[in-house]
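Undergrad: just need the structure, nothing else, for what follows:
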Amino acid sequence: MANDPLDEMVQFLQPEARIDLKHISLDHLLGLSGSEDGIKALLKSEKLIRSIIELTNDRVNEIARNSLLLLVNLTANAKGASELLNYKTINKNIIEVLVGYVKDQQKQDADAVCMILSNITRPENSVELCVDYLMPDLNDLLNIFVNTSYNKKGSKLHYLSPMFSNLSCSPRIRNWLTKENPHVPLLKLLPFCNYEESVIRRGGAIGTVRNLSFDTDYHEFLLRNDIDLLTYLLSPLMGNEEYPDDEMDKLPIALQYLPKEKKRDADVDIRKMVIETLNKLCAQRKSREILRENGVYYVLREYHKWEKDPNALLACENVVDILIQKEHEVGAEDLTTVEVPDDMKEKFKKMDEEYINSVQ
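TA: Sure thing, here's the model as predicted:
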């Protein structure tokens, strides 16, 4: 008899085991996976984890679903997400198993698989390994993602969006996103920055753009006319307010004369990500001039009147403070080259905290 009680359960989690025993065992393990201590215990049993992975393709849908939900819980834990990358079935690693599941249009629980992929790609120390595994399938996964009716069993595949965002922390993925192969992958993602049906899709798409904006090498690409990035970035910050004609003329064409029912994005985290991205795009003079020429200041001015969240307000003011200045007042072609003394960093941090407290 096995020393570890969890190892004893492996016999009930074999494909040929009785269905009722698989149900009972998985129900118990699902409960266990809801706590930190439970996850630690599960991760100690390699045989058990391998059996659970095998059961994700069980012929009984509920068995497969519970196995996937168990892996969702495991990978929500950073240690679990990293360790699961080491697991293989007979001839596939865990990523290949998950990708195969997503590609199968007849799988009922592909949404849970997408959540696992999102969780696995989140830890920074695992991103490059995930890229190694996922790179051969990225174009296929992106095409599946943009086809919102791809899965024929009702799975929406929304969580592929944060997966792309997580992966975009890798220089290799940023390069892939911005290169022709045969089309620029980022162009397929951008419309989902404004995808009303899912905050998960919107957040992942905007998160991907934000990660690109952290690298100034991509700013010129991002602000190309044919990319039309500002149309997608500014829309979440815009309501149905009217602008004077001279200001309206500066806005991207798709954002001029918006309908009366237009509302700002209801998710404050998405609004903050947009503003953080605009802030990063203010780093270089050429990019700042493009933002000014496209009426970004006017949008932020109206947005600031509406916003109530103190952190978002502060982030907005930081961008406005740059854009309202003349270039000789900004004082640097590239703000990333400006060195801020440690004592000033501390002073600015304290000022930010005081501002946030005063607004709350």
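Undergrad: avg pLDDT for stretch 185-193?
TA: Averaging pLDDT along stretch 185-193 gives 97.
Undergrad: for that stretch, buried residues please.
TA: P185, L186, K188, L189, L190, F192, C193 (16 or more other C-beta atoms under 10 Å). C-beta: built from backbone N, CA, C; applies to glycine.
Undergrad: ok, and what's touching stretch 56-68?
TA: Contacts to stretch 56-68, defined as C-beta atoms under 8 Å, 6 or more residues apart in numbering, come from residues 15, 19, 22-23, 26-27, 30, 52-53, 55, 71, 97, 101, 108-109, 112-113, 116.
Undergrad: ok, 10 Å please
TA: 13, 15, 17, 19, 22-23, 25-27, 29-30, 51-55, 69-71, 89, 94, 97-98, 100-101, 104, 107-113, 115-116, 153 (C-beta atoms under 10 Å, 6 or more residues apart in numbering).
Undergrad: out of the buried residues of stretch 185-193, who's nearest V131?
TA: Among the buried residues of stretch 185-193, P185 lies closest to V131 (C-beta to C-beta), at 13.8 Å.
Undergrad: isn't the closest one right next to A205, touching?
TA: No: between P185 and A205 there is no contact under C-beta atoms under 10 Å: 11.7 Å.
Undergrad: which neighbours do those two share?
TA: F164.
Undergrad: so how far is stretch 115-125 off the chain centroid?
TA: 10 Å (C-alpha atoms, centre = their mean, to the nearest Å).
Undergrad: tell me which residues in it are buried?
TA: So, applying 16+ other C-beta under 10 Å, buried residues of stretch 115-125: M115, I116, L117, S118, N119, I120, T121, R122, P123.
Undergrad: find me the pLDDT at the last one, would you?
TA: Right, P123. For P123, pLDDT reads 95.
Undergrad: wait, it touches S82, no?
TA: Yes: using C-beta under 10 Å, P123 makes contact with S82 at a distance of 5.4 Å.
Undergrad: overlap in contacts, the two.
TA: With C-beta under 10 Å, 6+ apart, P123 and S82 have common neighbours T75, L129.
Undergrad: if we can go back for a sec, turn the buried residues of stretch 185-193 into JSON lines, columns for distance to D217.
TA: Listed next are the buried residues of stretch 185-193 as JSON lines, based on distance: C-beta to C-beta, whole Å:
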{"residue": "P185", "distance to D217": "17"}
{"residue": "L186", "distance to D217": "14"}
{"residue": "K188", "distance to D217": "21"}
{"residue": "L189", "distance to D217": "19"}
{"residue": "L190", "distance to D217": "19"}
{"residue": "F192", "distance to D217": "24"}
{"residue": "C193", "distance to D217": "21"}
